[in-house]
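Colleague: can you look at this prediction? I've put the sequence above it.
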Amino acid sequence: MYNRKDISNKLSPNTLHWLEQLAIFTYKVLAWAFLGLVIGSFFASLQGFLPLWFMIVHIVGSIATGWVFVIIFIRYIDHKASLSLVDGRENKSTHIAPARIDAVAHGGIRLLESRSLMIIQTTVFPRFQEPYCTTIRQYMRQDEIDKLQEGTTVSFYEKVRDPGYGTISLQLPHEEIREDYQTIIAEKVYPERQKTGLWILIGQKPTVFTRSVSYLLIIVVFTISYLLPYIVTGNVEWLVLRIKHFPQKLIFQNKGNFNPEEFKKAYEKAITQIGDNAIESLLFYKEFTTIQIEEPHNIGDLRRLTIRGNSVEENFSSMRIDDRDRMFTSKSISYAVLKKVLESLATDHKIEDIIYIGFRKDIRWGSRKLNISPDYSRTYVDIHIVFNGGNKSLDYDGKTGERLPD
């Protein structure tokens, strides 16, 4: 069986380079996909499109997966550093040359890393080229940092595919050092390369083209991953509507499900969910809809359904109803009547002040003769509206949409 070193030796440097670039590209794409999925799932959970228990899975899973990404990154950086410090005769990806340290500065620390990032300016003396000055970033231990002094001679491992950049080793170089290396000032200067991190998906050297393509790919990957929870739960259209009416929240006039488009979709979803089953109530709130629906196989047992967008959540507990006269079906209610009531309310009330509007079957008392106290009662499916604070409510006829006396 071949080990990793045997496989590396059998592949050409060009093949190894492209395999490495493919692995880096895949890692960055997966990182952006993970980030989009985490953020999308978080907001989908806040909007109620995902069940409550998913929040626990989301938090634990995000931490665990993020940890894996960090570990992979750290091990890759350490692996690259160890490869670059292999003797140039064994490592075809680097050229070794003596170098002089010109300046040293601290660049910070890394997550889960005890070493510090150092910004090192060096003058490199290649064997067959003119000296050049370059600035690199490298993580180093404290004992190594203590030896970084201006004028110190070190070994510089230049990347073959990235001339002018590489890593340093505090070991003295095997190559002969020119006599004037302490005083010479290189004319050729490689600028300090800024870290691009996850922002550049293709290429090692940022250009207008690679940046443009990378940003486009990032937007596509992030957007698809962000929308994935909404796609799975069937709530993409609801997300669009929430974004469309988001300015209402900024001016404290949020109507939520009482906006015409949302209201119709919420009603259609509720009717689909009810089917032919009997219900005790159907109430529309700003952010969700509730249904008290009878169990198909347990007459008199009610279960509460909460609908947010196209996501339906069922309460764990159920309740028993003794008076089945309060039950009704979807045939007893009408969207046209409900819409008529809502439009009527908008003429003299603020829609955003409504807590809920919906159907219930209640008792109405009446009398057959004038000036005689009510002597009979009947049950009707009426529309009830309750406003903020619960101190004000209105009732409307469920068939005609006409307002009933207080």
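Modeller: Received the coordinates, thanks.

Colleague: show me the domain layout of the protein.
Modeller: Domain ranges of the chain: 1-84+203-233, 94-193, 256-397, per automatic domain parsing.

Colleague: closest to R403 out of those domains?
Modeller: domain 256-397 (5.4 Å; C-beta to C-beta). Glycine gets a C-beta too; all of them are placed from N, C-alpha and C.

Colleague: how about low-confidence regions in the stretch 1-150 of the chain?
Modeller: For the stretch 1-150 of the chain, residues meeting the criterion pLDDT under 70 lie at 1-13, 81-93, 110-113.

Colleague: tabulate the domains of the chain (JSON lines), appending distance to L241 and mean neighbour count.
Modeller: Shown next, in JSON lines, are the domains of the chain (distance: least, C-beta to C-beta, whole Å; neighbours: other C-beta atoms under 10 Å):
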{"stretch": "domain 1-84+203-233", "distance to L241": "11", "mean neighbour count": "14"}
{"stretch": "domain 94-193", "distance to L241": "39", "mean neighbour count": "16"}
{"stretch": "domain 256-397", "distance to L241": "6", "mean neighbour count": "16"}
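
Colleague: I'd like these laid out as a markdown table, including distance to I243.
Modeller: Shown next, in a markdown table, are the domains of the chain (distance: least, C-beta to C-beta, whole Å):
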| stretch | distance to I243 |
| --- | --- |
| domain 1-84+203-233 | 11 |
| domain 94-193 | 34 |
| domain 256-397 | 12 |
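
Colleague: return the longest strand seen in the chain as CSV; C-alpha atoms alone will do.
Modeller: Assignment by DSSP state E gives strand 94-109 as the longest strand of the chain. What follows is strand 94-109, C-alpha atoms only, in CSV (Å, rounded to 0.1, in the frame of the first residue of the first chain):
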residue,chain,number,x,y,z
THR,A,94,10.7,25.4,-3.3
HIS,A,95,14.2,27.0,-3.9
ILE,A,96,16.4,27.6,-0.9
ALA,A,97,18.5,30.7,-0.7
PRO,A,98,20.3,32.7,2.1
ALA,A,99,18.4,35.8,3.3
ARG,A,100,18.9,38.7,5.7
ILE,A,101,16.2,39.9,8.1
ASP,A,102,15.6,43.6,7.7
ALA,A,103,12.6,44.2,9.9
VAL,A,104,10.2,42.3,12.1
ALA,A,105,6.7,43.1,13.3
HIS,A,106,3.9,41.3,15.1
GLY,A,107,0.8,40.5,13.0
GLY,A,108,-1.4,38.9,15.6
ILE,A,109,-2.5,35.5,16.8
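
Colleague: now do the helix or strand that it is followed by: everything it contacts.
Modeller: Elements were assigned by DSSP states H and E; along the chain past strand 94-109, the next helix or strand is strand 116-124. Residues outside strand 116-124 that contact it (C-beta atoms under 8 Å, 6 or more residues apart in numbering): 97-110, 131-140, 142, 145, 148, 154, 156, 158, 168, 181, 184-186, 192.
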